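*Asks:* for reference, the sequence and a predicted model appear below.
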Amino acid sequence: MRYTEGEPIRDTKAPEGPIEDRWEKRKFGAKLVNPANKRKLNVIVIGTGLAGGSAAATLGELGYNVTSFCYQDTPRRAHSIAAQGGINAAKNYRGDGDSIYRLFYDTVKGGDFRARESNVYRLAQVSVNIIDQAVAQGVPFAREYGGLLDTRSFGGAQVSRTFYARGQTGQQLLLGAYQALERQIAAGTVKMHTRHEMLDLIISDGRARGVIVRDMVTGEIERHLADAVVLASGGYGNVFFLSTNAKGCNTTAIWRAHRRGAMFANPCYTQIHPTCIPVSGEYQSKLTLMSESLRNDGRVWVPVKAGDDRPVSQIPEDERDYYLERIYPAFGNLVPRDIASRAAKNVCDEGRGVGPGGLGVYLDFADAIKRLGRDAVEKKYGNLFEMYERITGEDPYTQPMRIYPAVHYTMGGLWVDYDLQSTIPGLFVIGEANFSDHGANRLGASALMQGLADGYFVLPTTIGDYLANGPYGEIDEEAVAEAEIAVREKIDRLLSNNGTRTADSYHRELGKLMWEYCGMERTEESLRKALERIPELREEFWKNVKVSGEADELNQALERAGRVADFFDLAELMCIDALHRTESCGGHFRAESQDADGEALRDDEHFAYVAAWEYGEQGPVLHKEDLDYDYVKMSQRSYK
Amino acid sequence: MNLTLKVWRQKSPEDKGRMVTYRVEDVSPDMSFLEMLDVLNERLILEGDDPVAFDHDCREGICGMCGMVINGVAHGEQVATTTCQLHMRHFEDNAVITIEPWRAAPFPVVKDLVVDRSAFDRIIQAGGFVSVPAGSAPDAHSLPVKKVDADAAFDAATCIGCGACVAACPNGSASLFTAAKITHLSLLPQGQPERDSRAKAMVEQMDAEGFGGCTNTGECTAVCPKGIPLDTIAQMNRDYLKASK
């Protein structure tokens, strides 16, 4: 394989001592910036989702000079807005035995022992403050009749710790962060640039000191300089073309930072969400997720017999296989995402799938409607049912939904230390863009928690420590010019290429290849095939892509082509990472590594590490960060 | 399905703009409206033409980015539906479909179907928030909220800021958008301390942006993909009046 191994990463900067004291210790140890000096310090934040929006707002409020960028027309549209289910917090408002320690424990276990203990513990600690913050902002979480907050349980947990706002929790939390951000914009502490895309990172004297961005309306290439840069640009699930991500989600910001020296950790960890609306045709541009909370009341099943194509109403009860309840009696339909997804794939592989092409399983609410009444079900899940009806033209109140797994969330990302700083000093990475808290598979309702924990609470402390240790000197003018020239050259190259295929058609082909060879299940053979095909396809792309329009105008074809080019490079690294990890862990399922029951078989002896990849002209260089588990004993996950 | 599209093309804000007719063939009824436009754009790129610029992102009906006037109706005739959630099964074969951008003076056209809705952000900046620095919030259970109030606040809070209300209003009013935010925060105890100043500042900003006044026509709520009710405007007016005394 085309990679070499470099020095291991030994220091993650996590403080020593009892795990419950570490964050307190770090906060106390962090140097403070004098309020009068904060005004003179410039911080750039890329992305305005839950992580970026909350970070920019909080940094602005602390008094820093913040410049914020997003590619949408307003920060309120970041894809965090689409998160449906909820946000976890160890409030124990239900008295059902929850605690910070239990949330920490569940998350480490749900991450299949491939996340860092120190980070995850901090996440669980901070989770309680997030709820307080959001409620104070006026986020209208669901409430009980007594006026207190309602909670529900969610995949992978046996306690009721998920706070929610109907099926639109992400929307409400994002609007909270967005409003806080707009408040700072009005106060003049944050300067907002919408419809701008980051195209390169400026490194001066080994430190991140700015970005090159493109104004997507005028096409102008701009340089913005700062004392520190924060990337909050989200995940890269769109490498698969079809995913639950918004169409604009891309990898460019983190990928170009990677090329400038930031290590990329665990790129192969892709979370597959079990409850999406199945693909219906070749033209399809994206997949729509149905909240996992549906599995609280919906029962998942397929016909017992392979090839049974009778309509639902004609399949009697005893010829239905409620396979999750059968295989995993303790968790039933609430098993974690990786388990539910693979189980669905397995029954479809057996020929028992339903709907067009046999790529679907039923999610049935008939029992819930009988038990609770249609009104109650409508109150709880009404908007999701409506959305399903809109897309499929079928009524889920009278016939079961059809669902199938889809790419949802990427658990890899740029490597960061305990301070959320990447391997480039001054470059901080937060939310889905980093890798830090999730490991191999993450549980439901934890992405929102991580984004907001990083943005409201963690980064504002740790970045202060970095800035207090400055100032970091003059910015090298040549480095800025070089980055700008590189960006212009890439754009010129794409526009002058008069080929015969669109960027989207290449993206679709790359996506199919990734889903087939590096998707829900990977084998050595499939990954080697992908690694053969990706470079060929990339070469063809650069020779044959056609991009219409000009550089100095709003040009959506050009935007897409630039992003697809980066997806090719990333896809290759994802496959290399997946190939080298000859174990299965959560979202990364290597078919060669499974137990007799077909469950993921981890290899803790050889793979209890984070794979952090350094960019190298001669191929990637692997740096391993060993993971130690002092508090949660490593054990095989079992949901039976 | 085969369709004839009449699409508004406008190269830049300065360009005069015109309708251009395109023929699109082999459209599947399962396609979303935006996927149908994707198909047209793929063809235009290969022919060396400029693809039709339009805003879109989540394609799940929640981000509020997509928006176009379809056959004269903002987001199309399907009730409570964003353009991305509108599917071609609702159109007849061989239909002629006209597609135009949101039209309102405070929403200048950027290109083709893309308009500038930043006026909405400035209305929020005027006061559409609760001032609470990160880290200073009391325990979430310290302030109970009646379920009916929380639910009603949520109903108003579901506004996605797409701007269809403005595009549909004969006066080009942004009242429904502004009222949704004012109502959301007015119904919660957290929103009370700044209630008066918020209503005043947001309404004044709305006027300053050049949006027209509300004459209770109701077109806004009729096209709203989230069904924000007209009552919110009454609530806004009450709050504004009270604050202005």
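*Replies:* Perfect, thanks for sending it. Residues are numbered from 1 along each chain as shown, chains lettered A, B, ... in the order given.
*Asks:* could you pull out the helices for chain B?
*Replies:* For chain B, the helices defined by DSSP state H occupy B:33-46, B:118-125, B:147-157, B:164-168, B:175-186, B:195-208, B:219-223, B:231-244.
*Asks:* give me the contacts around the second one.
*Replies:* Counting by Cβ atoms under 8 Å, 6 or more residues apart in numbering or on different chains, the neighbours of helix B:118-125 from elsewhere in the structure are A:73-76, A:178-179, A:182-183, A:185-186, A:192, A:194, B:106-107, B:161, B:163, B:174, B:177-178, B:181, B:202, B:205-206, B:209-211. Using the backbone N, CA and C atoms, a C-beta is placed for each residue, glycine as well.
*Asks:* is stretch A:145-159 anywhere near chain B?
*Replies:* Yes: applying Cβ under 8 Å from any Cβ of the partner chain, one finds stretch A:145-159 in contact with chain B at A:145-149.
*Asks:* between those, which has the most around it?
*Replies:* With neighbours taken as other Cβ atoms under 10 Å in any protein chain shown, the top of those is residue A:149, carrying 20 neighbours.
*Asks:* show me the residue at the heart of chain B, geometrically.
*Replies:* residue B:162 (1.9 Å; Cα atoms, centre = their mean).
*Asks:* so what's that residue up against?
*Replies:* For residue B:162, the contacting residues are B:64-67, B:75, B:82, B:225, by Cβ under 8 Å, 6+ apart.
*Asks:* ok so, going back, want to throw the helices of chain B into JSON lines with mean neighbour count and mean pLDDT?
*Replies:* Formatted as JSON lines, the helices of chain B follow (neighbours: other Cβ atoms under 10 Å in any protein chain shown; pLDDT from 0 to 100):
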{"stretch": "helix B:33-46", "mean neighbour count": "20", "mean pLDDT": "97"}
{"stretch": "helix B:118-125", "mean neighbour count": "23", "mean pLDDT": "98"}
{"stretch": "helix B:147-157", "mean neighbour count": "20", "mean pLDDT": "96"}
{"stretch": "helix B:164-168", "mean neighbour count": "27", "mean pLDDT": "98"}
{"stretch": "helix B:175-186", "mean neighbour count": "28", "mean pLDDT": "98"}
{"stretch": "helix B:195-208", "mean neighbour count": "20", "mean pLDDT": "98"}
{"stretch": "helix B:219-223", "mean neighbour count": "20", "mean pLDDT": "98"}
{"stretch": "helix B:231-244", "mean neighbour count": "17", "mean pLDDT": "97"}
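*Asks:* would you mind giving those as TSV with distance to residue A:205 added?
*Replies:* Shown next, in TSV, are those (distance: least, Cβ to Cβ, whole Å):
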stretch	distance to residue A:205
helix B:33-46	42
helix B:118-125	36
helix B:147-157	46
helix B:164-168	49
helix B:175-186	45
helix B:195-208	44
helix B:219-223	55
helix B:231-244	53
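*Asks:* nearest to residue A:382, of these?
*Replies:* Ranking the helices of chain B by proximity to residue A:382 (Cβ to Cβ) places helix B:147-157 first, at 12.1 Å.
*Asks:* and that closest one, how far out from the chain middle?
*Replies:* Taking Cα atoms, centre = their mean, to the nearest Å, one finds the center of helix B:147-157 at 20 Å from the center of the full chain.
*Asks:* against which helices or strands is that helix packed?
*Replies:* Applying 3 or more Cβ pairs under 8 Å, 6 or more residues apart in numbering or on different chains; DSSP states H and E, we find helix B:147-157 packed against helix A:169-187, helix B:175-186.
*Asks:* taking chain B, what residue is nearest to chain A?
*Replies:* The minimum distance from chain B to chain A, using Cβ to the nearest Cβ, falls at residue B:144 (2.8 Å).
*Asks:* take stretch A:366-382, keep the C-alpha atoms, and write them as PDB.
*Replies:* Presented in PDB, the C-alpha positions along stretch A:366-382 are these (Å, rounded to 0.1, in the frame of the first residue of the first chain):
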ATOM      1  CA  ALA A 366     -49.500   0.200  13.100                       C
ATOM      2  CA  ASP A 367     -49.000  -1.000  16.600                       C
ATOM      3  CA  ALA A 368     -48.200   2.400  17.900                       C
ATOM      4  CA  ILE A 369     -51.300   3.900  16.300                       C
ATOM      5  CA  LYS A 370     -53.400   1.100  17.800                       C
ATOM      6  CA  ARG A 371     -51.800   1.600  21.200                       C
ATOM      7  CA  LEU A 372     -51.500   5.400  21.400                       C
ATOM      8  CA  GLY A 373     -54.100   6.500  18.900                       C
ATOM      9  CA  ARG A 374     -53.400   8.300  15.600                       C
ATOM     10  CA  ASP A 375     -53.600  11.700  17.300                       C
ATOM     11  CA  ALA A 376     -50.800  10.900  19.700                       C
ATOM     12  CA  VAL A 377     -48.600   9.500  17.000                       C
ATOM     13  CA  GLU A 378     -49.300  12.600  14.900                       C
ATOM     14  CA  LYS A 379     -48.400  14.900  17.700                       C
ATOM     15  CA  LYS A 380     -45.100  13.100  18.200                       C
ATOM     16  CA  TYR A 381     -44.000  12.500  14.700                       C
ATOM     17  CA  GLY A 382     -46.400  14.400  12.500                       C
END
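*Asks:* from the chain's centroid, how far away is that stretch?
*Replies:* From the chain centre to the centre of stretch A:366-382 is a distance of 31 Å (Cα atoms, centre = their mean).
*Asks:* who's in contact with it?
*Replies:* With contact meaning Cβ under 8 Å, 6+ apart, stretch A:366-382 is reached by A:166-167, A:291, A:293-294, A:297-299, A:365, A:385, A:397, A:400.
*Asks:* for the helices and strands packed on helix B:147-157, give me CSV that also has distance to residue A:393.
*Replies:* Compiled in CSV, the helices and strands packed on helix B:147-157 are given as follows (distance: least, Cβ to Cβ, whole Å):
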stretch, distance to residue A:393
helix A:169-187, 25
helix B:175-186, 29
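*Asks:* what's around residue B:17, how many residues?
*Replies:* Summarising burial for residue B:17: neighbours were counted as other Cβ under 10 Å, giving 17.
*Asks:* check residue A:499 too.
*Replies:* 16.
*Asks:* which non-adjacent residue is nearest it?
*Replies:* residue A:544 (3.8 Å; Cβ to Cβ, 6 or more residues apart in numbering or on different chains).
*Asks:* ok, residue B:244 next?
*Replies:* Computed as Cβ to Cβ, 6+ apart, the closest residue to residue B:244 that is not its neighbour in sequence is residue B:200, at 6.4 Å.
*Asks:* so how far is residue B:75 from residue B:123?
*Replies:* Note on residue B:123: its distance to residue B:75, by Cβ to Cβ, to the nearest Å, is 21 Å.
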